[in-house]
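Undergrad: coords please:
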Amino acid sequence: MNLKLTKLYQDKTKVFLALGIFVFAFILRAWGYEYGLPILYNGDEGQLIQRAIRFGSGDLNPHNFIYPSLFMYLLFFCYGGYFLIGSLFGAFSSLGEFRSAYFIDPSMFYIIGRLLSAAAGALTIVFVYLIGKRAYNRATGVVAALFLSVEYLHIRFSHLAKPDAAMACLAVIALYYAYKIYEEGKWSNYLLAGAFTGLAISMKYNANFVVLTILSAHVLRTYQSRLGDLKNDFKLLFMSFASVGIFFVIGSPFTLLDAKTFIRDLQFQSLAITQQQSILDFLSTILKYCRELFLPSHWSLSGEFFGFFILLGLGIFLIRPEKKDLVFLPFLIMHFLFFTYKTSSSFLKPHYLLPILPVFYLFGAKAFVMVIHKVKISPARQSAIVYAASAVLVFSPLKDVMISNYERTLPDTGNLAREWVETNLPADSKILFAGAHHLGLKENKESLIANHASDTRKATEEKLKALISYSGKRYWASYLYHGWAFMTDDKTELVDHVPEGVQLLDKQKLSLDYWKNADYQYVIVFGAQDERGYPDEAKYPHFRAFFDELFSEAKMIEEFIPVASIQSGLPVRIYQLAGGKGGS
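TA: Numbers count the residues shown, from 1 in each chain. So this is what the prediction gives:
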């Protein structure tokens, strides 16, 4: 009886520990979920949510495969639940009213997506704990989970209605079952590791190298057990790889049903993001990524202390490798080298490394616990020192993360600028947004028709109908910047297919005269651009020339600058063009 009570107590303790880890991580990731809304500081959120909303028309083909489809389908499912609950409580009387709510104020749709990412990010931390506990010991699992829970890069992308956090979550679940392949070799582990890998890739293509974990776990188990049933071993491996493909297609079915578009979109994306590098440039990129990940930086606030232990853990592996570490190492190495090669030292993309962050933190936690266990004291005291030291070391990054999250609750420059525009600029003014972001101003009828020509007639009619119930000012807005504006000239010349919704920059628009002749009165620069123009003048001379012309000829009539502890956001500068109807 006592044994049963002891086991029940231990089981409850495990559940409460996992739940506590989830709640702690979720709070850090959900804090400030309304940041910027209805303005977006990350344009991809808008693209993904618009496509998820469009599924309501009955066409489930995204027609654009820059991202795979699973996250958009998950959003669509959540929006269906939101509509049903809203209808039950009288918030929506019809689907038309529901769609109008999105066009008038889409904030709730973004909040749902952001909370989904926050939950996925928190669940990632729980599985990091479970892997560390199973592969090494409970202390390693707790330490890895604790430090990853305050990792700024992971928190930053768990704040966004984008697939990055959900992809990393599915990837770490796949790693968990891959490790169970190494430990147990059960067919269910092969199936689940493959299924979650396929779903992770269907969330975002960056998870593709998780497949290597299945292979390495299988090879290590086969080598370790020295079982003679090679035929059965091959069947298990084949089943796992087959489940990767099957569950990828389940999550993104139109990659198969519309394979031609899928392949051409991937070719476009590969051309757009790949940076040409020499060997020296590649080595420089690797060093810069290491600095960003393991030292205090804009991306990794927890690197101040724990980065040392991550490097120590990698060093210990090189000196005294354990076979269990080899389960994760091929994935870690290949993913890191591939995505550092795909980018460049002048254009780092640390979030490409999100899937391997858990592995880094597991190695760091292992080294941290190993160092403390070298102290010759009782196991109970060793554990106490591990947890106490972790609490002390996590204080600094936790403080920084809390400050960062607090700033997300402050008034932001985008909404302050939007209020100023709606107060001071006449309705129907023609405004060019020349920065990386825009203010989410409501467009008038002419602007909607001009900017959304690719929409179906029904979608355009719904937007126009929604405008009838909107009593605020409306404007004619155009947008200079888009996600692929920074393709260099040599790449643009190679493009023979452009994905739906993507527009390559028309260089004739990089002239103030073009906009003056079209009677545009205002230019709003919302983003990182300033009087210095774009940093890489050699690559983007046309952009530099446009901003030089704007800053020298147009009159800046208002600006909004982020101020620490007062207002957050990015610089917003509003210029008036001479010669337009609103100019002087």
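Undergrad: quick one: the helix or strand hosting F268 to chain centroid distance?
TA: Assigned by DSSP states H and E, F268 falls within helix 259-273. Relative to its chain's centre, helix 259-273 lies at 20 Å (C-alpha atoms, centre = their mean, to the nearest Å).
Undergrad: once you drop chain neighbours, what's closest to the residue sitting nearest the centre point of the chain?
TA: In the chain, the residue lying closest to the centroid (C-alpha atoms, centre = their mean) is D164, at 3.6 Å. Using C-beta to C-beta, 6 or more residues apart in numbering and skipping residues adjacent in sequence, the residue nearest D164 is F157, 4.2 Å away. Glycine gets a C-beta too; all of them are placed from N, C-alpha and C.
Undergrad: circling back: list the buried residues in the helix holding F268.
TA: T261, F262, D265, F268, Q269, A272 (16 or more other C-beta atoms under 10 Å).
Undergrad: can I get the helix or strand following it in CSV, CA atoms only?
TA: Where DSSP H and E defines the elements, the next helix or strand beyond helix 259-273 is helix 279-294. Taking Å, rounded to 0.1, in the frame of the first residue of the first chain, the C-alpha atoms of helix 279-294 are listed here in CSV:
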residue,chain,number,x,y,z
ILE,A,279,34.7,30.1,-47.6
LEU,A,280,35.9,33.0,-45.6
ASP,A,281,32.5,34.6,-45.6
PHE,A,282,30.9,31.3,-44.5
LEU,A,283,33.4,31.0,-41.6
SER,A,284,32.6,34.6,-40.7
THR,A,285,28.9,33.9,-40.7
ILE,A,286,29.4,30.9,-38.4
LEU,A,287,31.3,33.0,-35.9
LYS,A,288,28.7,35.7,-36.0
TYR,A,289,25.9,33.2,-35.4
CYS,A,290,27.8,31.7,-32.5
ARG,A,291,28.3,35.1,-31.0
GLU,A,292,24.6,35.9,-31.3
LEU,A,293,23.6,32.6,-29.7
PHE,A,294,26.2,32.1,-27.0
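Undergrad: helix 279-294 - contacts with which helices or strands?
TA: For helix 279-294, the packing partners by 3 or more C-beta pairs under 8 Å, 6 or more residues apart in numbering; DSSP states H and E come out as helix 303-319, helix 329-342.
Undergrad: in that helix, which residues are buried?
TA: F282, S284, T285, K288, Y289, C290, R291, E292, L293, F294.
Undergrad: please, which helix or strand holds E559?
TA: strand 555-560.
Undergrad: what's the neighbour count on the closest residue to L257 other than its chain neighbours?
TA: Spatial nearest neighbour of L257, chain neighbours left out: N61 (7.2 Å); criterion: C-beta to C-beta, 6+ apart. Using other C-beta atoms under 10 Å, N61 has 16 neighbouring residues.
Undergrad: now do the helices in the stretch 1-150 of the chain.
TA: Per DSSP state H, counting those that start in this stretch, the stretch 1-150 of the chain carries helices over the ranges 2-30, 43-54, 70-88, 95-104, 107-135, 138-149.
Undergrad: tilt between the last one and helix 303-319?
TA: Taking axes from the mean of the first three to the mean of the last three C-alpha atoms, to 10 degrees, one finds helix 138-149 and helix 303-319 inclined to each other by 130 degrees.
Undergrad: check which helices and strands the helix or strand that helix 138-149 is followed by sits against.
TA: Going down the chain from helix 138-149, the next helix or strand is helix 152-158, by DSSP H and E. Packing partners of helix 152-158 (3+ C-beta pairs under 8 Å, 6+ apart): helix 2-30, helix 107-135, helix 164-183, helix 379-407.
Undergrad: buried deepest among these, which one?
TA: helix 164-183 (a mean of 27; mean count of other C-beta atoms under 10 Å).
Undergrad: packing partners of that helix?
TA: Using 3+ C-beta pairs under 8 Å, 6+ apart: helix 164-183 touches helix 70-88, helix 107-135, helix 152-158, helix 187-203, helix 211-225, helix 357-373.
Undergrad: who wins for proximity to A417 among those?
TA: Closest to A417 of these is helix 107-135 (C-beta to C-beta; 17.2 Å).
Undergrad: so how far is that closest one from its chain's centroid?
TA: For helix 107-135, the distance to the chain centre is 12 Å (C-alpha atoms, centre = their mean).
Undergrad: tell me the angle it makes with helix 357-373.
TA: Using the same axes, to 10 degrees: helix 107-135 against helix 357-373 is 40 degrees.
Undergrad: list the contacts for G245?
TA: G245 is in contact with G198, counting by C-beta atoms under 8 Å, 6 or more residues apart in numbering.
Undergrad: returning to that earlier point: adding mean pLDDT and distance to Y522, write the helices and strands packed on helix 152-158 out as CSV.
TA: Shown next, in CSV, are these (pLDDT from 0 to 100; distance: least, C-beta to C-beta, whole Å):
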stretch, mean pLDDT, distance to Y522
helix 2-30, 77, 36
helix 107-135, 96, 25
helix 164-183, 96, 34
helix 379-407, 88, 28
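Undergrad: for L332, which of those helices is the nearest?
TA: Nearest to L332 among the helices and strands packed on helix 152-158 is helix 164-183; the distance by C-beta to C-beta comes to 10.3 Å.
Undergrad: check contacts around the spatially closest residue to A436 that is not a sequence neighbour.
TA: Closest residue to A436 apart from its sequence neighbours, by C-beta to C-beta, 6+ apart: G527 at 3.6 Å. When contacts are counted by C-beta under 8 Å, 6+ apart, G527 is found next to G435, A436, H437, Y481, L570, P571.
Undergrad: what's the answer for S447, then?
TA: R474, Y475, W476, A477, S478.
Undergrad: check which element follows the helix or strand bottoming out on mean pLDDT in the chain along the chain.
TA: Least confident helix or strand of the chain, by mean pLDDT, DSSP states H and E, is helix 489-492 with a mean of 58. Remark: after helix 489-492, the chain's next helix or strand is helix 512-517, criterion DSSP H and E.
Undergrad: residue ranges in the stretch 351-500 of the chain under the pLDDT threshold?
TA: 452-460, 482-496 (pLDDT under 70).
Undergrad: apart from its neighbours in sequence, what residue is nearest M203?
TA: Using C-beta to C-beta, 6+ apart, the closest residue to M203 is M167 (3.9 Å).
Undergrad: same question, D428
TA: D428 sits nearest to N444 (C-beta to C-beta, 6+ apart), 5.6 Å away.
Undergrad: that neighbour and L40, how far apart?
TA: 21 Å (C-beta to C-beta, to the nearest Å).
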